[in-house]
Structure formats: C-alpha cells, structure tokens
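**Q** have a look at this fold, sequence not included:
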C-alpha cells in the first residue's frame with residue numbers, strides 16, 4: 001500500500017512520467033494503469049465463475065434433492081454427508097465431501113429468508129405454547145408453557161400446565177387477561193388443533209367449538225398464521241425462549257404447579273420494570289398506556305373446561321383421558337357426561353352432579369371414592385374386606401372399635417350393620433360422623449339407627465331468637481296472652497252432644 005500511494009502521488013502530480021515509473025518501480029504498464037485508476041488496491045477479482053469439472057455435472061441433482069427437502073418432514077432433511085453418500089452410490093461421484101458441503105452451504109445461503117421489521121399497534125397479542133422441564137415433588141416432568149405477549153408494550157405472561165390441551169388453553173387465556181387487565185382486540189395464533197378444527201383456505205379457519213366459546217365470551221378478533229409460517233408471530237416465539245431461559249433456569253424444584261405458576265407470575269410482574277432498547281418507558285408504563293386500547297374483561301369468565309360423554313362400566317368406573325374414575329354404583333351402565341378442568345373432573349348424569357375427582361395427569365390410573373361402593377357392599381357384605389376401592393381408606397380408630405362391637409352380635413349381621421353406618425357418609429362429613437361415633441360408643445350404643453339419630457341431632461341448628469334491639473317500633477306492639485278458659489266451652493259442647 002505504501003508503494004501504491006507513492007506511485008500515484010508522483011505520477012499524478014507530474015513528478016514522474018508513466019514510462020519512468022514503470023522502469024523505476026519495475027511494474028507492468030497494466031499494473032500502473034490500475035494504480036492510477038484506484039485510490040487503493042481493489043483486490044483480486046475473478047471475471048468468470050470457476051468451473052467444477054468433477055462436481056459440476058451433479059449440481060443440478062443436488063439442487064433438486066434440496067428443493068424436495070422443503071416438502072419433507074423437518075427432521076428428515078438431507079445432510080451434506082447424506083448427499084455425498086448418495087452421490088457416490090447412485091451417480092458415481094469421485095470427488096471429496098468438502099466440495100459437496102460447500103455446494104450445499106452455497107445453495108442454502110442463497111435461499112435464506114429475509115424479514116420485514118414490523119410495527120405493532122396497541123391492543124394486539126400473540127399466543128403460543130412452549131415446553132420446559134421442572135422437578136415436581138422430586139420427579140422431573142415436562143410441562144407445557146402457555147405464553148401470551150403484547151408486542152406494543154412487550155408485556156409477557158407465562159403459566160405452566162401439565163399438558164398442552166383445551167383446558168390449559170382456556171385457563172391460560174383467563175389468567176393472562178386478568179394479568180394484563182383487559183382483553184386484546186386481536187390475537188394471533190398458529191394452527192394448533194386445540195383452536196383450529198379445519199384449514200379451509202390461506203387465512204380461513206374453521207375453529208373448534210371450545211375456541212368459539214372463548215371468543216364469544218371475550219369478543220376478540222383472531223388471525224391465524226399461514227401454514228409453516230410461525231415467524232408471523234415471531235414476537236411470542238422469541239419470548240417463549242426468553243421466558244424459558246430467564247424464568248426456568250436452573251430447572252425449578254417445586255412441590256406443585258400452583259407454586260411454580262405463582263413464581264412465574266411474580267417474575268412476569270418484575271419483568272415489567274425493564275426498558276427495552278429503542279422504546280420510551282418501561283414495559284409497565286407502556287402496558288398502562290396500552291390498556292386504553294384493550295377490551296374490558298368479560299362480566300363472566302369463560303369456564304376453562306372440556307366436555308365429553310362416555311359410559312360407566314360394570315365396575316362403576318368412567319374412563320377419561322386414559323384414567324378411570326369412580327361413580328356411585330347406581331349409575332353403572334349409564335351414559336355419563338364428563339366435565340374436565342385443569343384441577344378436577346366432574347361426572348354428571350342428566351342434570352345432577354354425581355361425582356367429583358381431583359384431576360390426575362398420569363396415564364392408566366384408577367381413582368376410587370369408597371363411598372360410591374357402600375350401597376353395593378350392603379348387598380354383598382362378604383366383599384367388604386377385599387374391595388379394592390376400600391383398600392387404602394384410612395378411617396379414625398372409633399370405626400374399628402364400632403365394627404368389633406357390631407360383629408360380636410350372634411346374628412352374624414355385624415358387617416352389614418357397619419356398612420349401614422358408613423352409608424351415613426353420603427350426607428355427612430367424616431369428622432361429623434366420627435364425633436357422633438365417639439359419643440355413641442361412650443354411651444354404649446352400637447347400632448346404625450341410633451347413630452343416625454345422634455348424627456342428625458348434632459347437625460340440627462338451634463332456633464335463633466328474634467332480637468328487638470334497634471327495633472323500637474316493634475316494642476310498641478302488644479300481643480295479649482291467650483285465654484285458655486275459652487277452650488272449656490268447646491269441651492262442654494262436646495259433652496252435651
């Protein structure tokens with residue numbers, strides 16, 4: 001560069017002629033022409049593309065394979081090594097793998113997508129699910145992360161659920177709307193089967209019934225991404241990764257998802273204090289500004305539940321989501337409506353709630369309520385000690401004492417009588433019945449009818465007296481005492497008749 005500058009200066013200022021410069025510096029006249037034309041060395045420039053005599057005949061085939069990969073499953077695309085192996089086996093390629101890798105890289109670089117920076121108006125949101133691992137009660141589980149973001153304010157809300165399902169989808173919306181203080185006017189989604197029942201056009205979607213119910217409650221508009229174009233909701237895609245990396249690292253160790261979700265909500269609130277590069281104000285300040293563009297919260301929150309119908313089998317079990325839940329035996333062989341939320345499973349027959357269980361997210365488990373089987377055991381007392389629903393039923397000690405006393409009776413009906421006592425749990429709590437039993441045993445009573453009377457007596461509420469304090473106008477009312485002698489005339493009339 002030093003000689004380049006000196007030659008240019010001396011020749012262009014007239015200090016040295018071109019011929020003398022070529023002789024003095026030992027350069028070709030073409031090199032001198034280049035020096036005078038460029039203020040600095042332009043570098044080597046190839047005028048024609050370098051030929052590839054070995055790989056060249058195969059480039060069209062390589063490009064065809066890579067184009068076909070765009071329609072293939074994402075995890076089953078060709079690698080450069082796989083293309084090299086096929087070239088050797090199918091086309092007699094004799095070159096090296098390095099040239100193949102360079103050709104594949106060049107083709108992919110030429111087709112990298114370019115995106116347009118977007119501006120998001122207030123009142124719009126994006127929703128997506130992600131996944132993460134947590135240590136739940138000492139065991140590692142994968143959980144589904146419901147994420148809603150508001151691109152204008154960059155507010156972020158995350159909640160963890162056992163699985164990506166309809167109940168979690170609806171419950172996530174309810175919690176997010178409460179967190180941001182309103183309902184976005186428009187929400188953008190991908191094409192999850194939870195929301196989309198059928199793709200009917202480029203942007204047209206036939207949504208599921210439960211999604212329609214959510215939309216009817218909250219009145220927001222929807223926009224669905226094009227198929228395989230998740231970048232159309234790139235804001236939430238990025239914040240799913242942000243939330244996982246910043247809120248769930250290291251892997252959280254909690255006793256329940258409720259504890260984890262409380263922590264996640266606290267961190268989402270703390271995140272509102274951040275100010276992003278290029279934006280005026282913190283996230284929280286922009287969210288306050290954005291709330292004026294949100295729809296009000298619905299008067300009645302959309303119930304986050306999934307409804308299905310199934311039958312109770314001969315064991316009085318209803319199967320839902322691979323697990324089996326018990327119902328009272330009188331509903332065996334009946335069609336049961338199952339209403340499932342994130343927390344519980346309700347069993348409904350016609351218009352009556354007949355059973356309620358805690359929701360379990362495992363697979364192929366059995367959940368019994370012992371009370372559901374007592375009516376059947378009253379008819380089949382011989383199965384009482386072997387009944388699976390009663391195997392893990394922990395009762396207070398007074399129940400064991402009562403059963404021993406009842407089984408001393410010579411008629412051999414002690415077990416059936418004890419089951420009649422347990423049937424009182426259909427209308428009373430375990431604590432109420434245990435208290436009544438303690439009293440009965442203290443009085444030397446050991447029969448079901450007497451225990452029922454004691455229980456009903458203890459459950460009766462005393463009659464409340466009507467107080468005249470602060471009611472002076474009622475004190476002025478005088479009710480004369482009843483004249484009992486008036487009834488004597490009725491007796492005299494009866495005698496005369």
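**A** Nice, thanks for sending it over. Computed from a predicted model, the values in this text were never measured in an experiment. Numbering: from 1, shown residues only.

**Q** residue 251 and residue 139 touch, don't they?
**A** No. Using CB atoms under 8 Å, residue 251 makes no contact with residue 139, being 11.8 Å away. C-beta coordinates here come from the backbone N, C-alpha and C atoms, glycine included.

**Q** got any ranges where the stretch 301-450 of the chain has weak pLDDT?
**A** Flagging of the stretch 301-450 of the chain using pLDDT under 70 yields the residue ranges 411-412.

**Q** show me where the stretch 351-497 of the chain has its strands.
**A** For the stretch 351-497 of the chain, the strands defined by DSSP state E, counting those that start in this stretch occupy 352-358, 366-367.

**Q** who's more crowded, residue 251 and residue 139?
**A** Per other CB atoms under 10 Å, whichever of residue 251 and residue 139 has more neighbours is residue 251, with 10 against 7.

**Q** do you know how far the more buried one is from residue 142?
**A** Remark: distance between residue 251 and residue 142 (CB to CB, to the nearest Å) = 11 Å.

**Q** before we move on, what's the pLDDT of residue 486?
**A** If you check residue 486, the pLDDT there is 75.

**Q** what do you get for residue 227?
**A** According to the model, residue 227 scores 85 on pLDDT.

**Q** and it, what does it touch?
**A** By CB atoms under 8 Å, 6 or more residues apart in numbering, the contact set of residue 227 is 191, 199.

**Q** 10 Å - rerun?
**A** 190-191, 199, 202 (CB atoms under 10 Å, 6 or more residues apart in numbering).

**Q** just the buried ones out of these, please.
**A** Neighbour-count burial (16 or more other CB atoms under 10 Å) applied to these gives residue 190.

**Q** export the contacts of residue 227 to JSON lines and tack on pLDDT and distance to residue 230?
**A** Output for the contacts of residue 227, formatted as JSON lines (pLDDT from 0 to 100; distance: CB to CB, whole Å):
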{"residue": "190", "pLDDT": "91", "distance to residue 230": "6"}
{"residue": "191", "pLDDT": "91", "distance to residue 230": "9"}
{"residue": "199", "pLDDT": "90", "distance to residue 230": "15"}
{"residue": "202", "pLDDT": "83", "distance to residue 230": "16"}
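
**Q** what is the nearest of the contacts of residue 227 to residue 147?
**A** Set against residue 147, the nearest of these by CB to CB is residue 190 (11.8 Å).

**Q** give the contact list for that closest one.
**A** Residues near residue 190 by CB under 10 Å, 6+ apart: 126-129, 196, 224-230, 232-233, 236-237.

**Q** now do it against residue 118, distance only.
**A** As judged by CB to CB, residue 190 and residue 118 stand 17 Å apart.

**Q** repeat that for residue 319.
**A** Residue 319 sits at a distance of 47 Å from residue 118 (criterion: CB to CB).

**Q** go on, residue 339?
**A** For residue 339, the distance to residue 118 - CB to CB - is 40 Å.

**Q** neighbour count winner among those two?
**A** Neighbours were counted for residue 339 and for residue 118 using other CB under 10 Å; residue 339 has more, 17 against 9.

**Q** which helix or strand contains the more buried one?
**A** Following DSSP states H and E, one finds residue 339 within strand 335-340.

**Q** then residue 202?
**A** Using DSSP H and E, residue 202 sits within no helix or strand.

**Q** please report phi then psi for it.
**A** With angles defined as degrees, to the nearest 10, residue 202 sits at phi -60, psi -50.

**Q** do residue 477 as well
**A** Torsion angles at residue 477 (phi, psi; degrees, to the nearest 10) stand at phi -80, psi 130.

**Q** just give me the neighbour total for it.
**A** Close neighbours of residue 477, defined as other CB under 10 Å, add up to 7.

**Q** again, but for residue 348
**A** Residue 348 has 17 neighbours, counted by other CB under 10 Å.

**Q** same thing with residue 351?
**A** By the measure other CB under 10 Å, the count of residues near residue 351 is 6.

**Q** phi, psi of it?
**A** The phi/psi pair for residue 351 (degrees, to the nearest 10) reads phi -120, psi 20.

**Q** spit out the contact partners of it.
**A** Residue 351 sits in contact with residue 337, where contact means CB under 10 Å, 6+ apart.

**Q** likewise for residue 269?
**A** Residues near residue 269 by CB under 10 Å, 6+ apart: 155, 157, 179, 284.

**Q** any idea how far residue 243 is from it?
**A** Distance, residue 269 to residue 243, using CB to CB: 13 Å.

**Q** got the domain ranges for the protein?
**A** For the chain, automatic domain parsing gives the domain ranges 2-37, 56-110, 124-293, 306-367, 390-497.

**Q** are we agreed that residue 308 is in a strand?
**A** Yes. Checked against DSSP: H, G, I helix; E, B strand; the rest coil, residue 308 lies within a strand.

**Q** surely it is in contact with residue 335?
**A** No. Under the criterion of CB atoms under 10 Å, residue 308 is not in contact with residue 335, lying 11.1 Å apart.

**Q** and the strand holding residue 339, which strands flank it?
**A** Sheet pairing for strand 335-340, assigned by DSSP bridges, gives strand 306-311 (antiparallel), strand 344-349 (antiparallel).
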